[in-house]
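K.L.:
Quick one, structure for this:
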Amino acid sequence: MRMKMKLLLFLCCVLWVSADVLHEDLGITGCSEFDGETMFTLDGEELWYADFKQGKGIEPQPPFVDHVSYVEGAYEQAVANQQICKSNLGIHLKAMKDLPVEHDPPSSLIIYSRNFVDLGEKNSLICHVSGFYPAPVNVSWTKNGEKVTEGTSINVPFPNKDGSFTQISRLDFIPQLGDIYSCSVEHLALTQPLTRIWEVEKTQAGVGPAVFCGLGLTVGLLGVAAGTFFLIKGNECS
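P.N.:
Numbers count the residues shown, from 1 in each chain. Predicted coordinates:
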């Protein structure tokens, strides 16, 4: 059973209809013995999460979309919910202590640039890890064979519909011709890290803008109100 992972998740899902299209508004509160998360999503897009290390709420949407802000006190409520979650976790651990543990390695690991690559211009590399269980994964970056920690970040694990998780790490960088970057992922189910390589070339398109442009145009044709911010970006890319 997937619950035997020393991690407890509470999901609050609200389905609503706009322009004859069904949308999914998801709220997640999770905790482990040493960590926790609170996250809000719309149609699979992460809108807000609580960063308990920085002590504030984070809006991770790309800069080219209209951000959705949450009411004042959302972070404080997330902190209070962690106390409840950890209390419930202790009860569940005692009840399920003899159940076997499942370990699933990542089924997908992709590295790509957030924006179109212009040499000498600030950008971000995205390391997208999906299909693993339990959460989290450990992600490390290198540049030309040297480990990099400055400018790196990682979001909280995001639950997939099949019970596995997705996690995204970012590296801020300034592309220079010939530089080689790598993203390595460690997980309980792996005997050795998974690694993907990314090299700076003269002409290189970012995957991030292409994804948002395509999605924006599709959602715009469907007239989905919840996808307005994607439509705006889609129009810019036309």
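K.L.:
give me the low-pLDDT residue ranges for the chain?
P.N.:
Regions of the chain meeting the criterion pLDDT under 70 cover residues 1-21, 67-68, 98-100, 202-238.
K.L.:
can you confirm residue 94 is in a helix?
P.N.:
Yes - counting by DSSP: H, G, I helix; E, B strand; the rest coil, one finds residue 94 located in a helix.
K.L.:
I'd like to know how far it sits from residue 87.
P.N.:
Remark: distance between residue 94 and residue 87 (C-beta to C-beta, to the nearest Å) = 12 Å. For glycine as for every other residue, the C-beta is placed from the backbone atoms N, C-alpha and C.
K.L.:
cool, and residue 173?
P.N.:
Taking C-beta to C-beta, one finds residue 173 at 42 Å from residue 87.
K.L.:
higher neighbour count, the two?
P.N.:
residue 173 (21 against 11; other C-beta atoms under 10 Å).
K.L.:
Across the sheet, point out what pairs with the more buried one.
P.N.:
Following DSSP bridges, residue 173 is listed with bridge partners residue 123.
K.L.:
any chance you could map the helices in this structure?
P.N.:
All helices of the chain, identified by DSSP state H, fall at 74-95, 207-222, 228-237.
K.L.:
Identify the structural domains in this structure and state their residue ranges.
P.N.:
The record, using automatic domain parsing to delimit domains, assigns the chain the ranges 7-95, 108-205, 210-237.
K.L.:
So for residue 102, which of those sits nearest?
P.N.:
Taking C-beta to C-beta, domain 108-205 is the member of these nearest to residue 102, at 6.3 Å.
K.L.:
Please render the domains of the chain as a markdown table that adds distance to residue 102 to the earlier fields.
P.N.:
Shown next, in a markdown table, are these (distance: least, C-beta to C-beta, whole Å):
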| stretch | distance to residue 102 |
| --- | --- |
| domain 7-95 | 12 |
| domain 108-205 | 6 |
| domain 210-237 | 31 |
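K.L.:
For residue 101, find the nearest of those.
P.N.:
Smallest distance to residue 101 across those (C-beta to C-beta): 8.0 Å, for domain 108-205.
K.L.:
is it true that residue 130 touches residue 107?
P.N.:
Yes - Residue 130 lies in contact with residue 107 (C-beta atoms under 8 Å); the separation is 6.5 Å.
K.L.:
roughly how far apart are residue 33 and residue 90?
P.N.:
Using C-beta to C-beta, residue 33 is found at 9 Å from residue 90.
K.L.:
how about the residue nearest to residue 172 when sequence neighbours are not counted, what does it touch?
P.N.:
Nearest non-adjacent residue to residue 172, counting by C-beta to C-beta, 6 or more residues apart in numbering: residue 151, 3.7 Å away. Residues counted as contacts of residue 151 (C-beta atoms under 8 Å, 6 or more residues apart in numbering) are 171, 172, 173.
K.L.:
Export those residues as CSV, with columns for distance to residue 57.
P.N.:
As requested, the contacts of residue 151 are exported to CSV (distance: C-beta to C-beta, whole Å):
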residue, distance to residue 57
171, 23
172, 21
173, 26
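K.L.:
which of those lies closest to residue 123?
P.N.:
residue 173 (6.2 Å).
K.L.:
where's the nearest residue to residue 180 once chain neighbours are set aside relative to residue 113, distance?
P.N.:
Nearest residue to residue 180, sequence neighbours excluded (C-beta to C-beta, 6+ apart): residue 199, at 4.9 Å. The gap separating residue 199 from residue 113 is 11 Å, by C-beta to C-beta.
K.L.:
and these two? which has more neighbours close in?
P.N.:
residue 113 (22 against 12).
K.L.:
I figured the more buried one was touching residue 126, is that so?
P.N.:
Yes - the pair residue 113 and residue 126 passes the contact test of C-beta under 8 Å, sitting 7.2 Å apart.
K.L.:
Thank you, goodbye.
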